[in-house]
Structures are given as structure tokens and as C-alpha cells.
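Asks: next input, structure requested:
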Amino acid sequence: VVSRETARIALTMAALNDLEVMASDVQNAFLALPISEQVHTVLGPEFGRDEGKKAIIVRVLYGLKSAGASFGKHIADCMRHITYEPCKADADLWYKPMVRPDDGFKYYAYVLLYVDDCLCIHHDAEAALTQIDNYFMMKPGSIGDPDIYLGAKLCKVTMENGVEAWGMSASKYVQEAASNIENYLQENFGGQTFPRKISS
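Replies: Just a heads-up that it's a prediction; the model follows:
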């Protein structure tokens, strides 16, 4: 899983080099993969007349212990096939040397992978994500400007001096965590609420 620090550095590189930043989601990430181990099961009542029959699972399922490793291996093979290399400091940051055609600027394009979420930094990020889409189908309409990545809200900001940069905020994550705690307290502790102010 790519780290938040890696994402911050990559967004800084995008701002410094005037590169596009786009995000996308892989559709049914695990279900698209062949399984890397033999898993046998007995079919349950949801299979109707086939209940009790033995079956062999041929696709990776979310509940399998090896699901994450299988997905990671498969996407790594695909990224290498399209000539990206993993970073030694963070194996979920993939990069390759590029030249921007407009001005001949040499830079590294980056793809950050967080399970089935992709963040791409490239002079033509949509084309780069479309290339990955040939190997891992993206959710329809998911290729676009990033909104949330690694639980943090992303937005492009313009500084007072006119320089554009990327900002990351954990506000949405914190709001959702506080909401979850409120719901838990109300359901399990007789309607108690989360304290709004700490008294000294």
C-alpha cells in the first residue's frame, strides 16, 4: 500500500513540473484475477439445486487470505509490461522516464497504487490511465480529477504568488470517524453523544 508521504512527494513533483494529476478506480479488482492457489469449497443453500456439491474457486475472492497478494502480483506484472518500474523506497509507487512532447522536458511519470485506487502523474494522465485500463478495467467514469486519495481530500490550490500546488486534508476522514463513533455511542450506550468540548 502506497504511503501518504509518497503521495505528498508525488503531488509536489506534479506541481513543480506542471504535470497532470488524475485518479481512477479498478473495477471488481479481485474478481478479474485468476487465483494463485487451489481452493475447494462446498456450495451452500444459495446455490439452490447445487447445494452440497463440491466446487473449485477459479477467481480471487475478497475473503481469501491470498487475495491481496494475488492482486498485487498481477498488477505488478501488468505495470512492468507497460514499462513502469517499482520504486525501491515504496513498491506501490511505479515510475518511468518520459519526455513531454510540447517542450522536450524530461521527467518521471508516476502511478501510485492503493489496492484498486490509482493516482497518475503524467503530462497526459488520462492517456496513461487508459493504457492501464487495457489490463485492468477501470470503473466507468472513474478516470478524472482526484477528489479523495488514501482517505484524504485532495484539491488543487493557487498560492498567493500565483504558483499552483496540491493540498491534502484529513478533514473528511476525521468527520467520518467522528460520525461512526457517534453512531456507535447512540446504538450501544443509550444515546450518549461524542463530547464536543473538553472541559478542564
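
Asks: can we go C-alpha only for contacts and neighbour counts from here?
Replies: OK.

Asks: which residues of the protein score low on pLDDT?
Replies: Residues of the chain meeting the criterion pLDDT under 70: 28-34, 60-64, 66-67, 191, 193-200.

Asks: show me the helices in it, by range?
Replies: Along the chain, counting by DSSP state H, helices occupy 4-16, 67-81, 125-133, 171-188.

Asks: what bridges to the spatially most central residue of the chain?
Replies: In the chain, the residue lying closest to the centroid (C-alpha atoms, centre = their mean) is Asp117, at 2.0 Å. Using DSSP bridges, the bridge partners assigned to Asp117 are Asp25, Tyr114.

Asks: any idea how far it is from Cys78?
Replies: 15 Å (C-alpha to C-alpha, to the nearest Å).

Asks: try Pro146
Replies: Counting by C-alpha to C-alpha - Pro146 and Cys78 are separated by 23 Å.

Asks: what's around the nearest residue to Pro146 once chain neighbours are set aside, how many residues?
Replies: Nearest residue to Pro146 in three dimensions, chain neighbours excluded: Ala23, at 5.0 Å (C-alpha to C-alpha, 6 or more residues apart in numbering). By other C-alpha atoms under 10 Å, the residues close to Ala23 number 22.

Asks: thought Ala23 was touching Asp145?
Replies: Yes. Here Ala23 reaches Asp145: they are 6.0 Å apart, a contact under C-alpha atoms under 8 Å.

Asks: can you list residues touching both of the two?
Replies: Overlap of the contact sets of Ala23 and Asp145 (by C-alpha atoms under 8 Å, 6 or more residues apart in numbering) is empty.

Asks: quick one: contacts for the residue nearest to the centre of the chain?
Replies: Contacts of Asp117 were listed using C-alpha under 8 Å, 6+ apart, and they are 23-26, 149.

Asks: recalculate using a threshold of 7 Å.
Replies: 24-26 (C-alpha atoms under 7 Å, 6 or more residues apart in numbering).

Asks: then Ile143?
Replies: 22-24, 126.

Asks: swap the cut-off to 10 Å and go again
Replies: 22-26, 118-120, 125-127, 129-130, 133 (C-alpha atoms under 10 Å, 6 or more residues apart in numbering).

Asks: same check on Ala128?
Replies: Contacts of Ala128 (C-alpha under 10 Å, 6+ apart): 22, 82, 109-111, 120-122.

Asks: kindly report the same for Phe105.
Replies: So Phe105 contacts 17, 98-99, 123 (C-alpha under 10 Å, 6+ apart).

Asks: please apply the same query to Gln38.
Replies: Gln38 neighbours (C-alpha under 10 Å, 6+ apart): 56-58.

Asks: out of those residues, which is nearest to Gln186?
Replies: Of all the contacts of Gln38, Gln186 sits closest to Ile57, with 40.9 Å by C-alpha to C-alpha.

Asks: what is the neighbour count of the closest one?
Replies: The burial count for Ile57: 14, using other C-alpha under 10 Å.

Asks: roughly how far does it sit from Val42?
Replies: 10 Å.

Asks: with Ser36 instead?
Replies: Counting by C-alpha to C-alpha, the gap from Ser36 to Val42 is 19 Å.

Asks: quick revisit: just send the helices of the chain back as TSV, with distance to Val157 too.
Replies: Below are the helices of the chain laid out as TSV (distance: least, C-alpha to C-alpha, whole Å):
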stretch	distance to Val157
helix 4-16	10
helix 67-81	30
helix 125-133	19
helix 171-188	16
